[in-house]
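*Asks:* here is a sequence together with a model predicted from it:
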Amino acid sequence: MFRQIILYCLYRMEGERSANSPYYIIQGKQSIQTIQDANLFHLNRFFTIYKQLDKAVYDREILSLVEADKLKIVGQQYTLCNMTDESILQLQHEISMYHLNGGKLEQIDRIFFERLLLLIQVWTNKSVGNKQYIPIIENRPVEQWVKLVYGKTKDRVNECLDKLFMELRSLLLQVTDLGAALFVDQLTGATVIGQSKQQLVDKYNLSVADIELETLNVIHYILQHINVDLHPILYHMKQEIRGETIHSKLTHSTKQTYNLWQQGHQLEKIASIRKLKINTIYDHLVEIALYEPNFPYTQFIALDKIEEIHDVIQRTKTFKLKPIKDHVGPSITYFQIRLALTYLQKKGGDNK
């Protein structure tokens, strides 16, 4: 799975970015360039799917693609090799079967899984009267949440376990056998200890990266297919987390700019107040535009200029800023081009 995702990201970028760009998307680098690239190349579903990804692990996978004659790298540029129409269709099919949706779920997926793991451990130990065990999750907020749930359910633990078993079973039957097995193998109960990532690597002969992504793939399937009637326990778990993390996805610095902008300050004034370069404020505005559904684009760029930029993209078949700038009118700035790219992506009009 890991290799296919990297290859697909490189395919979507078509040499417009460096071979390292997929790493920043998969790892979830909080930079406006990475956030915009994820949206621009329709790779948002892979954003922050593997936050702990080590760069050395990624580099080894890139090297393996080179050695397999699937990738050629010269300097900062890369070319995909032996990508026939058939192989491209196969890659697209494989990717279409994944349930990963990092752009929408990265704020809740790991919290959901950790709460579920600890809740199952607590309930199963209570069901057999075992009070002496080491919690598998060492995360204070998760522990506090489970403690609250346990306080409300301790008198009907067996009933809750039966219901949760049926909810999970109905969902796991819909994913791959490998995904379901990996998910279940990580569960800790009163009489069984969940297997570690290294144990799973040895058992299934997969890389740590594949174990991580296959597991997350199942978690994302569950989160996207929970039904309030069929899966009430899991549904309410998800809704609680969503309510807690509904906060803006903006990076910390951008939030400060956003607050000042909402107060009516001009961009130059915001730069002065925050003691930042105006280009940094422009970066923040582009990030705000990605997430703000009612962003006032026409305050910064006229619609006819957006159309001009769109025409250039169609003619040049590129999202690179410099070539676009070279082909549009001299009055159009890089900041306006980036805003236009965001506008077109959200409107679905940025396809080359």
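*Replies:* That came through fine.

*Asks:* and stretch 297-304, average pLDDT?
*Replies:* Here stretch 297-304 scores 90 as its mean pLDDT.

*Asks:* also stretch 191-207?
*Replies:* Stretch 191-207 comes out at a mean pLDDT of 93.

*Asks:* so how far is it from its chain's centroid?
*Replies:* 24 Å (CA atoms, centre = their mean, to the nearest Å).

*Asks:* other SSEs contacting the helix or strand hosting Ala181?
*Replies:* Element membership for Ala181, per DSSP states H and E: helix 177-185. In terms of contacts (3 or more CB pairs under 8 Å, 6 or more residues apart in numbering; DSSP states H and E), helix 177-185 is packed against helix 157-172, helix 197-204, helix 208-225. The C-beta positions use only the backbone N, C-alpha and C, and glycine is treated the same way.

*Asks:* redo that, cut-off 6 Å
*Replies:* helix 208-225 (3 or more CB pairs under 6 Å, 6 or more residues apart in numbering; DSSP states H and E).

*Asks:* after the helix it packs on, which helix or strand is next?
*Replies:* helix 232-244.

*Asks:* buried ones in the next helix-or-strand element following that following helix, by neighbour count?
*Replies:* Heading C-terminal from helix 232-244, the first helix or strand you meet, by DSSP H and E, is helix 252-262. Within helix 252-262, the residues that qualify as buried are 253-258, 260-261, counting by 16 or more other CB atoms under 10 Å.

*Asks:* got the contact list for stretch 67-85?
*Replies:* By CB atoms under 6 Å, 6 or more residues apart in numbering, the residues outside stretch 67-85 that reach it are 18-19, 65.

*Asks:* can you get me the start-to-end distance on that stretch?
*Replies:* Stretch 67-85 has an end-to-end distance of 21 Å (CA to CA, to the nearest Å).

*Asks:* for that stretch, list every residue counted as buried.
*Replies:* 70-71, 78, 80.

*Asks:* of all the buried residues of helix 252-262, which comes closest to Phe46?
*Replies:* Using CB to CB, Thr254 comes nearest to Phe46 of the buried residues of helix 252-262, at 21.5 Å.

*Asks:* wouldn't that closest one be in contact with Glu287 here?
*Replies:* Yes: counting by CB atoms under 6 Å, Thr254 does reach Glu287; the two are 4.9 Å apart.

*Asks:* hey, where'd the strands end up in the protein?
*Replies:* 71-74, 77-80 (DSSP state E).

*Asks:* the first one pairs with which strands, parallel or anti?
*Replies:* Next to strand 71-74 in the sheet, as set by DSSP bridges, lie strand 77-80 (antiparallel).

*Asks:* can you give the distance of the strand it pairs with from its chain's centre?
*Replies:* Taking mean C-alpha positions (CA atoms, centre = their mean), strand 77-80 and its chain are 24 Å apart.

*Asks:* any idea how far Lys255 is from Gln30?
*Replies:* Applying CB to CB, to the nearest Å, the value for Lys255 to Gln30 is 12 Å.

*Asks:* what of Glu268?
*Replies:* Distance from Glu268 to Gln30, by CB to CB: 25 Å.

*Asks:* comparing those two, which shows the higher neighbour count?
*Replies:* Using other CB atoms under 10 Å as the criterion, Glu268 and Gln30 rank with Gln30 on top: 16 against 10.

*Asks:* and for Leu200, the neighbour number?
*Replies:* Using other CB under 10 Å, the number of residues around Leu200 comes to 22.

*Asks:* I figured it hits Ile211, correct?
*Replies:* Yes: using CB under 6 Å, Leu200 is in contact with Ile211, at 5.0 Å.
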